[in-house]
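Participant: Coordinates for the following, if possible.
(one chain, ligands or ions: 1)
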Amino acid sequence: MLAGYAVHVDQSRGRRIPEPPHPYRNDFQRDRDRVIHARAFRRLEAKTQVFTRRYSDHFRNRLTHTIEVSQISRTIAGALGLNVDLAEALALVHDIGHPPFGHAGEKALDAAMRTQGLFFDHNLHALRIVEDFEQRYAAFRGLNLTFEVREGIIKHSHDYSAAEHPELAEYCLDQRSPLEAQLIDLTDEIAYNTADLDDGYEARLLPLEQIRGGVPVFERFFREVENIYPDAPDKLKFNEALKRMLNRLVGDLIANTQSRVNSAGVQTLDDVRSHPSRLAAFSPEVEAERKQAKDFLYENLYFSATLEPEKDAAECIIRDLFALWMENPKALPPGYQEQAERESLPRVICDYIAGMTDNYIISQHENHCG
Ligand code: MG
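Facilitator: Residues are numbered from 1 along each chain as shown. So this is what the prediction gives:
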């Protein structure tokens, strides 16, 4: 069933601490299940995706976004003959390192760390969560995930420089990641570009006419839908057009990746790893449409004046708490004070903040700075 260039679970480079095989789940299925049962995974439910204070119960949060990425990734991986279990595990873990308050939170945490000569990176933080912070098992710290899942956490979205990150040497930074990991970044984009149009429309921040005028691929499908269902309510026409847009992105990613694999003569996983560039990609035409949609969302939603006060408040909360704990480490919970004896204080504060949900950090801010 699996293509030659897929990751085969029986060829996995394995776990840091070897474990006996499970009677009816393979190692990638177990990794997927370990992610789902992690505390950091459950906290995604209370972390912002785009809207800091949810305008309604219908909007995505980081957990429902993650489930959508997982659904799309399984479909694409299956169609390409890739390892669906590995793709699913990678999709489910892909946002686990995100701090509260979405991109505003990430920016603010990074800015606070940079005042200390450090930085925050959500992929590196995700690796710390699964390697260290999750404590569920008596035999080891962390989730003891397979090499391929840890590698995918680091390598799914961008290529880290081997010179700048000697601590990541085991992940072979000079090689491409398997296709299962390469897919995740593009699937993430498919999921949020379409979902954010949906939530933006639902929140009345993006009127239908503005979307039609600013996202040409959506407009094309909307016209098609109007011809088929002239009497349908706008909301249903909107849904039909958005569904077609999502299908176009998915279908193109499958077809174009397959054709790049074929024309590169790629037959094995080693071929994928040693190929000079990533093989998973949209066609140039659909890549241009993807970029138009993304640019539209940046301009009209992510940077919209309406969301500005929420983002400012989020940045303020993170800045205040970071500064407070830097100045007064004794105000940290005992476990973090102990950790600060072994690691740098800013990193410990950053870990603490990054793990928080939106609700929890708001209550911490009220307690300490209110
Ligand atoms: Mg994501």
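
Participant: ok, now which ones touch residue 292?
Facilitator: By Cβ atoms under 8 Å, 6 or more residues apart in numbering, the contact list for residue 292 reads 214-217. (Each C-beta comes from the backbone N, C-alpha and C, glycine too.)

Participant: actually residue 278, sorry about that
Facilitator: With Cβ under 8 Å, 6+ apart, residue 278 has these contacts: 176, 182.

Participant: and what of residue 107?
Facilitator: Contacts of residue 107 (Cβ under 8 Å, 6+ apart): residue 315.

Participant: again with residue 211
Facilitator: 197, 200-201, 218, 296.

Participant: Is residue 277 in a helix, a strand, or coil?
Facilitator: coil (DSSP: H, G, I helix; E, B strand; the rest coil).

Participant: show me what contacts the nearest residue to it once chain neighbours are set aside?
Facilitator: What sits nearest to residue 277 in space, not counting adjacent residues and going by Cβ to Cβ, 6 or more residues apart in numbering, is residue 176, at 7.4 Å. Taking Cβ under 8 Å, 6+ apart, we find residue 176 in contact with 155, 182, 272-275, 277-279.

Participant: Could you check how many residues crowd around the residue in the stretch 201-350 of the chain positioned nearest to the ion?
Facilitator: Across the stretch 201-350 of the chain, the shortest distance to the ion (Cβ to the ion) belongs to residue 294, at 13.2 Å. Per other Cβ atoms under 10 Å, the neighbour tally for residue 294 reads 16.

Participant: element containing it?
Facilitator: Here residue 294 is covered by helix 284-297, with elements defined by DSSP states H and E.

Participant: What residues of the host helix or strand of residue 242 count as buried?
Facilitator: Remark: residue 242 resides in helix 234-263, with elements defined by DSSP H and E. Residues 237-238, 240-242, 244-246, 248-250, 252-254, 256-257, 260-261 are the ones in helix 234-263 that count as buried (16 or more other Cβ atoms under 10 Å).

Participant: Might you report the residue contacts of the residue in the stretch 1-150 of the chain that the ion sits nearest to?
Facilitator: In the stretch 1-150 of the chain, the residue that lies nearest the ion is residue 95 (4.4 Å; Cβ to the ion). Neighbour list for residue 95: 44, 62, 65-66, 69, 122, 126 [criterion: Cβ under 8 Å, 6+ apart].
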